[in-house]
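Undergrad: This is a predicted model, with the sequence first.
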Protein chains: 2
Amino acid sequence: MKAEIIAIGTELLLGQIVNTNAQFISRECAALGIDIYFQTVVGDNEQRLLDSLRLAASRADVVICTGGLGPTQDDLTKDVLATLTGRNLVLHEPSMEAISEMFASRGIHMVESNRRQALMLEGSDPLHNETGLAVGNALTFEGTHFVLLPGPPKEMKPMFTKYAMPWLQLRMTSEVPLYSKMLKFAGIGESNLEHLLLDLIQSQTDPTIAPYAKEGEVTIRLTTRAHAEAEGELKLQATEAEIKKRLGEYLYADQDVPIETIVLQLLVASKKTLSVAESCTGGLLSDLITTVPGSSESFLGGIIVYSNKLKNKLLGVPMNILEGEGAPGAVSSETAVILAEQLLVRTGSDFGISVTGVAGPSPSEGKPVGLVYVGLAQKNEKTEVFTLQLSGNRESIKLRAAKRALYQLWKQLKEN
Amino acid sequence: MKAEIIAIGTELLLGQIVNTNAQFISRECAALGIDIYFQTVVGDNEQRLLDSLRLAASRADVVICTGGLGPTQDDLTKDVLATLTGRNLVLHEPSMEAISEMFASRGIHMVESNRRQALMLEGSDPLHNETGLAVGNALTFEGTHFVLLPGPPKEMKPMFTKYAMPWLQLRMTSEVPLYSKMLKFAGIGESNLEHLLLDLIQSQTDPTIAPYAKEGEVTIRLTTRAHAEAEGELKLQATEAEIKKRLGEYLYADQDVPIETIVLQLLVASKKTLSVAESCTGGLLSDLITTVPGSSESFLGGIIVYSNKLKNKLLGVPMNILEGEGAPGAVSSETAVILAEQLLVRTGSDFGISVTGVAGPSPSEGKPVGLVYVGLAQKNEKTEVFTLQLSGNRESIKLRAAKRALYQLWKQLKEN
């Protein structure tokens, strides 16, 4: 079934609130196997709302509206749908009783406009509002199913899940729900990844293959239609295996989690501890790690050696390596090694990661913006250094450097 | 001017991401005096995108598109607008050079599809992308202004603010432009602040007063209409003075900057240095500070003493304060004081800030989630401790704690 969502409210058009309702309904519809073709936002304006409903009805099987069911003069959704369908508005007695009771129990006088919240279109099915006063409506008119939901998310969500979804499911005859899986990659850019999968992407039919990128991480979503998980997995199997064959070294999870979560799982499982020394990332790497609940089990802490003074004072990098003519400098493989190794000595952790580089906006020590060294030290093992040339602004370089450091540790933990 | 926003991307229709771009653009347009009549979301589908563009062009003066400018086969926005307008796509040489340079500097092979990101419609104006590769486009066709922006918010936002807004303003002829000013507050919650300004907010006409909150900071936007800055300032003067009278102790800036920027300006101006000790914020405080370019001038670095072991080992908190029956514990005013004072000893900085608390999701040491101690030590001065009870999830508590620590330092720097 093809569906559209219409969110009604001038506050959305003024940018005062973000349209999380459309996201919620879209996600629930995807799980049901209903395809959303358009989301529209329209203000509290009679003519424009009528135009939007008419357009949606002309091209969709299902039109889901949210907002405009309240008591004020601005709440027009039922009135406008009444105009479109030529039906009358009638009082839904149980809702009217609930409204009267609520006012009585709070000892406040009910103003007449509250009666509007108990109105429904003649011949429609009421959708119960467990967390508010405005009753929802569902009806079929000239082959299109209309669902009217309230705007406040705390009223809309339970009404949609408990009452609107079953109502819609009864009207879905032949369709099979969507089944999706996320593959998460690090250490590789979006365009490179796509390049390596181009033949698969271009010839995709079932499953569909959709790559997209967030800073420092790339996701591929595989989607098919299946009645149950086992059937879905079976239909994804061949494509997933082919992707793993080509990109296995970058694939860190088959669910939508950040790499720091997986790194911490591996650390906890192997009972290893970690500490970090950050220069150019300035605390971001530690921040990402400590975003994971329970990270204290493996993460001892970090030392942010932002200045050369602290690189020397707290982690013992000799001043003649950091400064002076011909010295390697703070942004160097030498400094990265000492920082990582000294972490093991001074914190007693099993792993030490260091990050030193130029986040910009200006070059430093005559070195270009984006040049970053990641050091990875491990008890009783040779320390490794990775040289990166990252692009982007200061914020992106910090994030990409932190994610790459996590990627290198993930690789090491997988090998151990 | 009447405008519409079209966000393009199947991930929006699947509910995988929420359409924050529409909110951002709507809010900025409201400030410019451009009225948004519709927001639409459409998938990566040629025919449906063409239909949406055609409909928008038929009823709006301005059509702002976001998304679909990337390198992949799914990125169709420019192609579809080329179809609608009958114009060709041509290469924007400076963007092409930037793309080639980026790949060369990273030593990776550029795949042909990346060229697509440098294409623009013939006769259009390029909109520079400071934080990504895809060039934006702006053009007027049959009386409608089209603006094409990338989808990722970190590329879209600066492109819109710096390049698309001035382009649109030049095309707004008859209207008196809006003049806005942002007042930024820290150390006070949104509802408290609103309560203290309620009479002003309820009786507002000109200027309008719009409060809104981001985690840990509250902003008030004052808006009027004026032809020039001097006229605008004059019209805002009385309201601004009244707000300052009531809330001056929380007002850290009269422009839209985060508090860390102001704290660093004050540190640099007074030639003072800072180091931090973070437990529950886990690196976030340092990360915020080092997001400010040039922060290395005053910020020496930090020590993330996430584990008790490192609180003891790196900053000398005695184990009998941290652990054992009747001990104050890691989350205590005693620990906050020692951490802050030891920073001065071990890093030589003029100021030391410590943050120790319970970020959640579970209580710790029998102390509730959200309890946070901020220590503030200063050379030759008595160390202060601030006890906070913050609300929100793990991430919010980390952010609010870090912002409150910055607020306390800001207050101290103002007094000095």
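TA: Thanks, I have the structure now.
Undergrad: Any idea which residue of the stretch 101-250 of chain A lies closest to chain B?
TA: residue A:195 (4.4 Å; CB to the nearest CB). Where you see a C-beta, it was placed from the backbone N, CA and C, and this is true even at glycine.
Undergrad: ok now do the residue lying closest to that residue once chain neighbours are set aside, which residues does it touch?
TA: Of all residues not flanking residue A:195 in the chain, residue B:111 sits nearest, at 4.4 Å (CB to CB, 6 or more residues apart in numbering or on different chains). Going by CB atoms under 8 Å, 6 or more residues apart in numbering or on different chains, residue B:111 touches A:191, A:192, A:194, A:195, B:71.
Undergrad: can you check residue A:256 too?
TA: With CB under 8 Å, 6+ apart, residue A:256 has these contacts: A:182, A:184, A:219.
Undergrad: and if you look at residue A:255?
TA: Neighbours of residue A:255 in contact, by CB under 8 Å, 6+ apart: A:181, A:182, A:184.
Undergrad: in a helix, that's where it is, yeah?
TA: No: Residue A:255 is assigned coil when assessed by DSSP: H, G, I helix; E, B strand; the rest coil, not a helix.
Undergrad: What does the pLDDT read for it?
TA: Looking at residue A:255, its pLDDT reads 91.
Undergrad: just to revisit the earlier point, the residue of the stretch 101-250 of chain A closest to chain B in helix, strand or coil?
TA: Secondary structure assignment for residue A:195 (three-state DSSP): helix.
Undergrad: neighbours of it, just the number please.
TA: 18 (other CB atoms under 10 Å in any protein chain shown).
Undergrad: Identify the farthest-apart pair in the contacts of residue B:111.
TA: A:192 and B:71 (10.9 Å; CB to CB).
Undergrad: can you list the weak-confidence ranges in chain A?
TA: For chain A, the stretches with pLDDT under 70 are A:174-175.
Undergrad: Work out which residue lies at the spatial centre of it.
TA: Here the mean C-alpha position of chain A is nearest to the C-alpha of residue A:256 (CA atoms, centre = their mean), at a distance of 8.5 Å.
Undergrad: Can you tell me the closest non-neighbouring residue to residue A:192?
TA: Nearest one to residue A:192, counting by CB to CB, 6+ apart, is residue B:108 at 6.5 Å.
Undergrad: Tell me how many other residues surround that neighbour.
TA: 15.
Undergrad: what about it, which helix or strand?
TA: Applying DSSP states H and E as the criterion places residue B:108 outside every helix and strand.
Undergrad: Same check on residue A:236?
TA: Per DSSP H and E: helix A:229-247 holds residue A:236.
Undergrad: Residue A:215: what's it in contact with?
TA: Per CB under 8 Å, 6+ apart, neighbours of residue A:215: A:396, A:399, A:400, A:403, B:154.
Undergrad: how about 7 Å then?
TA: Residue A:215 makes contact with A:396, A:399, A:400, according to CB atoms under 7 Å, 6 or more residues apart in numbering or on different chains.
Undergrad: Point out the ones among those that are inside helices.
TA: Judged by DSSP state H, these include A:396, A:399, A:400 as members of helices.
Undergrad: Which residues are in contact with residue A:331?
TA: Applying CB under 7 Å, 6+ apart, the residues near residue A:331 are A:356, A:357, A:358, A:364, A:365, A:367, A:371, A:373.
Undergrad: how much space is there between the fifth one and residue A:356?
TA: Read it as residue A:365. Residue A:365 sits 11 Å away from residue A:356, going by CB to CB, to the nearest Å.
Undergrad: just the residues of the stretch 151-300 of chain A that are near chain B, which are they?
TA: Neighbours of chain B within the stretch 151-300 of chain A, by CB under 7 Å from any CB of the partner chain: A:191-192, A:194-195, A:201-202, A:212, A:282-287, A:290-291, A:293, A:296, A:299-300.
Undergrad: Just the buried ones from those residues?
TA: Neighbour-count burial (16 or more other CB atoms under 10 Å in any protein chain shown) is assigned, among those, to A:191-192, A:194-195, A:201, A:212, A:282-287, A:290-291, A:296, A:299-300.
Undergrad: Chain neighbours aside, what residue packs nearest to residue A:363?
TA: In space, residue A:363 is closest to residue A:369, 5.8 Å off (CB to CB, 6+ apart).
Undergrad: which SS class is the one you found?
TA: Going by three-state DSSP: residue A:369 is coil.
Undergrad: what's the neighbour count on it?
TA: 21.
Undergrad: was I right about it contacting residue A:390?
TA: No: with contact defined as CB atoms under 7 Å, residue A:369 does not count as touching residue A:390 (8.7 Å).
Undergrad: show me where the stretch 101-250 of chain A has strands.
TA: Assigned by DSSP state E, counting those that start in this stretch, the strands in the stretch 101-250 of chain A fall at A:119-121, A:125-127, A:136-141, A:144-149, A:178-186, A:208-214, A:217-225.
Undergrad: Among those strands, show me which one is buried the most.
TA: Mean neighbour count (mean count of other CB atoms under 10 Å in any protein chain shown) peaks for strand A:144-149 among the strands of the stretch 101-250 of chain A, with a mean of 24.
Undergrad: Report the distance from stretch A:302-317 to the chain centre.
TA: In this view, stretch A:302-317 has its centroid 36 Å away from the chain centroid, taken as CA atoms, centre = their mean, to the nearest Å.
Undergrad: Which positions within that stretch qualify as buried?
TA: A:302-315, A:317.
Undergrad: which bits of the stretch 301-416 of chain A sit near chain B?
TA: A:301-307, A:309-310, A:313, A:347, A:361, A:389, A:391-396.
Undergrad: and those residues, which of them are in helices?
TA: Those of those lying in helices (DSSP H): A:309, A:310, A:313, A:347, A:394, A:395, A:396.
Undergrad: Greatest separation within the residues you listed: which pair is it?
TA: Checking these with CB to CB, the most distant pair is A:313 and A:396, at 30.0 Å.
Undergrad: Tell me how many other residues surround residue A:47.
TA: Using other CB under 10 Å as the criterion, the residues surrounding residue A:47 number 8.
Undergrad: Check which helix or strand it maps to.
TA: Assigned by DSSP H and E, residue A:47 falls in helix A:46-59.
Undergrad: Let me know the angle separating that helix from strand A:144-149.
TA: For helix A:46-59 against strand A:144-149, the angle by axes from the mean of the first three to the mean of the last three CA atoms, to 10 degrees is 140 degrees.
Undergrad: could you say what helices and strands the helix or strand that comes right after helix A:46-59 packs with?
TA: Using DSSP H and E, the helix or strand that follows helix A:46-59 in sequence is strand A:62-66. Using 3 or more CB pairs under 7 Å, 6 or more residues apart in numbering or on different chains; DSSP states H and E as the contact test, the elements touching strand A:62-66 are strand A:2-8, helix A:20-32, helix A:46-59, strand A:144-149.
Undergrad: ok, 10 Å please
TA: If contacts are counted by 3 or more CB pairs under 10 Å, 6 or more residues apart in numbering or on different chains; DSSP states H and E, strand A:62-66 sits against strand A:2-8, helix A:20-32, strand A:35-42, helix A:46-59, helix A:77-85, strand A:136-141, strand A:144-149, helix A:153-159.
Undergrad: can I get the CA coordinates of it in CSV?
TA: Taking C-alpha atoms only, strand A:62-66 is exported to CSV below (Å, rounded to 0.1, in the frame of the first residue of the first chain):
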residue,chain,number,x,y,z
VAL,A,62,-3.6,5.6,2.9
VAL,A,63,-3.4,9.2,4.2
ILE,A,64,-2.3,9.6,7.7
CYS,A,65,-2.8,13.0,9.3
THR,A,66,-1.4,14.2,12.6
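Undergrad: what are the pairing partners of it, and which direction each?
TA: Strand A:62-66 pairs in its sheet with strand A:2-8 (parallel), strand A:144-149 (parallel), by DSSP bridges.
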